[in-house]
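Participant: with the sequence up front, the predicted model follows.
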Amino acid sequence: MDEFDGLITFYSSHYALKAENLLIKTGIKCLLIPGPKQLSPNCGVALQFHYKNQLAVIGHFREKGVNFENIYLYKTKV
Amino acid sequence: MKTYKEVLYFDNAATSWPKPDNFIDSIKEFINNSGGNPGRSAHRMSIAAVRIVEGCRDKIAELFNISDTSRIVFSKNATESLNLAINGFLSEKDSVLISGMEHNSVVRPLRDLELKGLKLRICPCNSKGILYLEEMEKILKRNKAKLAIICHASNVTGTIQDLKKISDLCKNYNTRVLVDASQSAGLVDIDVKNLGIDMLAFTGHKSLLGPQGTGGLYISEDIEISPLIRGGTGSKSDSEYQPDFLPDKFESGTINAMGICALSSSLDYIMHNKDIIYKNEKDLTEFFINGIADNKYIELYGPMDIENRTSVISFNIKNLECSEAARILDFEYGVLARPGLHCAPLAHKTIGTFPTGALRFSFGSFNTLEQIKYAVSVIEDIIKKYVLNYG
């Protein structure tokens, strides 16, 4: 299985949903999951994606004004 | 006299009824499948609830042509939105201008600030409720108002103000514009960019056909305001201070997700039927006004021009108190209307009906021409029975 190895955290679930919609529209695979608390105390959800798409993701976010907190190389343990 | 067995609901300016068919289904769907707390727990039901809330925010943005959806914050009604805008943007040191047609949801929070030092200027309107622009300019010239608050469509006379002219005038004097769209949102086109609106307060349960307990405020990008309430937002949970980003800054505590879900379904209905809804209400208003305007026992208020008004119509039957007329309409004919001052003493002073008030009919999306024809005949009947005392 093509496992997600990247994670985007957000200040607000408003932006997490906005980001998910944008990435789906642009054909970048992603998945909303509970945000790991060791990475961020912010909104409850974070967005998994393939880290190789990092530059494209940042470009889309900047273009559409999607605020995000950080991007990590991250895999879920299970 | 032949009467309809069903109720004739002409109180849509108080709250719209009935609601679109998909309204109840959407609530059932929410309870059964998405009833989590949006933006909190991040499990599938919480995420499903977030999707619904954000989906509704997107639809509101589309309706009012708002490019940054984070600038739309949900509230429980237009009154809360107006209080947020007024108390969050103004201090007791500021000056504010309002029209003579404002509702108490604007006037009362301002009177409270006035006691602490705020300068409140009321711009007069003519007896039809239309703002005198030249008077507004005089006031703005004399006093630098930080904010102008304008009721887009009157809840007493249905008068629609020319927002573009008002906001253009305000821009010349560096005065920001807050619009109370309680009676217009969902019925009259509102484009916040083209109309130069800085803040827009709306409610969900009137012409947006949503449930009571829903509403919101649009705040433009360059407006800074303080929240009314502070608390948990599901974000910045390590901090004891309120987040400074929108919409979270203004959405503390669990949001009315079930209500927003129903509002979202009503927005689908409105967006698909907007032109039909507007034409229907215009036709009904025109028929009703034409039906009663020439009756010498009726005093009709507000504009006669159908193009610049909504379907809110106030009138009095001579020698019959408006509350008495409303009771007869309800008990004898099943016609539901609202008598009195409609929480807008200032507007009633403007049109000359203070303190006695008026009888208000307000038609909605689901009223029919048959009902309006019947309403005209009922009023004629009441005049015969209770004013002329025969029949």
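Facilitator: Received it, and whenever you're ready, just let me know what you need. A quick note: this is a predicted structure, and the numbers were derived from the prediction, not measured. Residues are numbered from 1 along each chain as shown, chains lettered A, B, ... in the order given.

Participant: what's B:H103 in contact with, if anything?
Facilitator: Residues in contact with B:H103 (Cβ atoms under 8 Å, 6 or more residues apart in numbering or on different chains) are B:C151, B:N155, B:D180, B:S182, B:H342, B:C343, B:A344, B:A347. C-betas here are computed from N, CA, C, even on glycine.

Participant: could you rerun that using 6 Å?
Facilitator: With contact taken as Cβ atoms under 6 Å, 6 or more residues apart in numbering or on different chains, B:H103 is in contact with B:N155, B:C343, B:A344.

Participant: nearest to B:D94, of those residues?
Facilitator: The nearest member of the contacts of B:H103 to B:D94, counting by Cβ to Cβ, is B:A344 at 23.5 Å.

Participant: so who does B:L131 touch?
Facilitator: B:L131 touches B:S99, B:C125, B:Q161, counting by Cβ under 6 Å, 6+ apart.

Participant: what's the spacing between it and B:E102?
Facilitator: Computed as Cβ to Cβ, to the nearest Å, the B:L131 to B:E102 distance reads 11 Å.

Participant: for B:T310, the count of nearby residues, please.
Facilitator: For B:T310, the count of nearby residues is 27 (other Cβ atoms under 10 Å in any protein chain shown).

Participant: spell out which parts of the stretch 1-150 of chain B neighbour chain A.
Facilitator: Residues of the stretch 1-150 of chain B lying near chain A by Cβ under 6 Å from any Cβ of the partner chain: B:G39, B:R40, B:A42, B:I47, B:V50, B:E54, B:S70.

Participant: how close does the fourth one get to B:S265?
Facilitator: Spelled out, that is B:I47. On the measure of Cβ to Cβ, B:I47 and B:S265 end up 19 Å apart.

Participant: can you check the second one too?
Facilitator: When Cβ to Cβ is applied, the distance between B:R40 and B:S265 equals 23 Å.

Participant: more crowded one of those two?
Facilitator: B:S265 (25 against 20).

Participant: list buried residues within the contacts of B:H103.
Facilitator: By the neighbour-count criterion of 16 or more other Cβ atoms under 10 Å in any protein chain shown, the contacts of B:H103 include these buried positions: B:N155, B:A344.

Participant: can I get the contacts of B:H103 in JSON lines including distance to B:Y374?
Facilitator: Formatted as JSON lines, those follow (distance: Cβ to Cβ, whole Å):
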{"residue": "B:N155", "distance to B:Y374": "24"}
{"residue": "B:C343", "distance to B:Y374": "28"}
{"residue": "B:A344", "distance to B:Y374": "28"}
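
Participant: closest to chain A out of the contacts of B:H103?
Facilitator: When the contacts of B:H103 are compared for distance to chain A (Cβ to the nearest Cβ), B:N155 wins out at 31.4 Å.

Participant: can you give me the helices for the chain?
Facilitator: The chain I'm using is chain A. Taking DSSP state H, the helices of chain A run over residues A:13-25, A:54-64.

Participant: meant chain B actually
Facilitator: Under DSSP H, chain B gives helices at B:22-33, B:44-64, B:78-89, B:104-115, B:133-142, B:163-172, B:257-292, B:322-333, B:345-351, B:369-382.

Participant: helix B:257-292 and the last one, what's the angle between them?
Facilitator: Pointing back at helix B:369-382 there. Counting by axes from the mean of the first three to the mean of the last three Cα atoms, to 10 degrees, helix B:369-382 points 60 degrees away from the direction of helix B:257-292.

Participant: what's in contact with helix B:369-382?
Facilitator: Taking Cβ under 6 Å, 6+ apart as the rule, helix B:369-382 contacts B:L8, B:L284, B:F287, B:F288, B:G291, B:I328, B:Y333, B:V335.

Participant: same check, this time on the fifth one
Facilitator: Helix B:133-142 has contacts (Cβ under 6 Å, 6+ apart) with B:L97, B:R121, B:C123, B:P124, B:L169, B:Y173.

Participant: tell me which residues touch B:I122, please.
Facilitator: When contacts are counted by Cβ under 6 Å, 6+ apart, B:I122 touches B:I98, B:G100.

Participant: please flag which of the contacts of B:L131 sit within strands.
Facilitator: Of the contacts of B:L131, the ones assigned to strands by DSSP state E are B:S99.

Participant: any chance of the contacts of B:L131 in JSON lines, with neighbour count and pLDDT too?
Facilitator: JSON lines is the format used below for the contacts of B:L131 (neighbours: other Cβ atoms under 10 Å in any protein chain shown; pLDDT from 0 to 100):
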{"residue": "B:S99", "neighbour count": "27", "pLDDT": "98"}
{"residue": "B:C125", "neighbour count": "25", "pLDDT": "98"}
{"residue": "B:Q161", "neighbour count": "22", "pLDDT": "98"}
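
Participant: quick one: contacts for the residue of the stretch 201-350 of chain B found nearest chain A?
Facilitator: Closest approach between the stretch 201-350 of chain B and chain A, counting by Cβ to the nearest Cβ: B:D238, at 3.6 Å. Counting by Cβ under 6 Å, 6+ apart, B:D238 touches A:P41.

Participant: in stretch B:11-31, which residues are buried?
Facilitator: B:11-16, B:19-20, B:23, B:26-27, B:29-30.

Participant: what's the farthest-apart pair in those?
Facilitator: B:A13 and B:E29 (29.4 Å).

Participant: B:D268 and B:R51, how far apart?
Facilitator: 15 Å.

Participant: I'd assumed B:N104 was in contact with B:C151.
Facilitator: No: counting by Cβ atoms under 6 Å, B:C151 stays clear of B:N104, with 11.1 Å between them.

Participant: find the nearest non-adjacent residue to B:D58, please.
Facilitator: Nearest non-adjacent residue to B:D58, counting by Cβ to Cβ, 6 or more residues apart in numbering or on different chains: B:T69, 5.9 Å away.

Participant: low-scoring stretches of the chain, by residue?
Facilitator: I'll assume chain A. Residues of chain A that meet the criterion pLDDT under 70 lie in A:1, A:43.

Participant: let me rephrase: I mean chain B.
Facilitator: For chain B, applying pLDDT under 70 flags the ranges B:1-5, B:390-391.

Participant: if you set the cut-off to 80 instead, what comes out?
Facilitator: Within chain B, the ranges that satisfy pLDDT under 80 run B:1-6, B:390-391.

Participant: spell out for me which residue occupies the centre of it.
Facilitator: Nearest to the geometric centre of chain B sits B:S182, at 1.2 Å (Cα atoms, centre = their mean).

Participant: wait, that one touches B:A201, no?
Facilitator: No: between B:S182 and B:A201 there is no contact under Cβ under 6 Å: 7.1 Å.

Participant: any common contacting residues for those two?
Facilitator: Common neighbours of B:S182 and B:A201, counting by Cβ under 6 Å, 6+ apart, are B:A78.

Participant: what ranges does the stretch 101-250 of chain B have for its strands?
Facilitator: In the stretch 101-250 of chain B, strands defined by DSSP state E, counting those that start in this stretch lie at B:119-123, B:147-151, B:176-180, B:199-203, B:215-219, listed in chain order.
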